[in-house]
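>>> Got a predicted structure plus its sequence, pasted below:
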Amino acid sequence: MRKKDRHELIKRIITDNPIRNQNELMDYLQQYQVTATQATISRDIRDLKIVKTIDESGKPRFELFQEQQVPSEDDDIKRLIRMTNDVIVKVDTVEFMTIVSTLPDNAHLLASVLDDLSSELIVATMASFDTIIIISRTADDSQRVTEFLQDPTNSSIFN
């Protein structure tokens, strides 16, 4: 199966079923006679911007990331604002670093969006399963990043 077709099938599976992890997704794909490695599924999840959210029963679930419409904002900034509202659990500042806790398995997606936007206040990001470390040049820059991530509609890091 071509990558494009596999992506369309994954979107349909995610939309129609409560998929909680990559193994479940691989099981559903096998029902359609699609075999893929865990590494391939991980890349597909990243490419399709699939995020893990918490459903109404409190259990994790994969969902297609959907952008929120924010008037007069650039598309990437809209995506970042939506993600900050959807996936950030806690934000702290330590000297010149901003430490961001996210919902499980979402840190890499948020870090990727931050990297793509190239704010002068951010030197680098490092992401794990549910934590991002954002490195800034100064403590003041880090504080501005923290304020933005805590309330992106009242501050900006893109000046």
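Done, it's in. Numbers count the residues shown, from 1 in each chain.
>>> what about Asp141, how many neighbours?
20 (other Cβ atoms under 10 Å). Placement of C-beta: from N, CA and C, glycine included.
>>> What does the pLDDT read for it?
At Asp141, the pLDDT value in this model is 96.
>>> how close does the spatially most central residue of the chain get to Leu103?
Geometric centre of the chain, nearest residue: Leu109, 3.0 Å, by Cα atoms, centre = their mean. According to Cβ to Cβ, to the nearest Å, Leu109 and Leu103 sit 10 Å apart.
>>> again, but for Val94
As judged by Cβ to Cβ, Val94 and Leu103 stand 21 Å apart.
>>> Please say which of the two ends up with more neighbours.
Leu103 (17 against 11).
>>> I figured the more buried one was touching Phe129, is that so?
No: look at Leu103 against Phe129 with Cβ atoms under 8 Å: they stay out of range, at 10.2 Å.
>>> and for those two, which residues touch both?
With Cβ atoms under 8 Å, 6 or more residues apart in numbering applied, the contact sets of Leu103 and Phe129 do not overlap.
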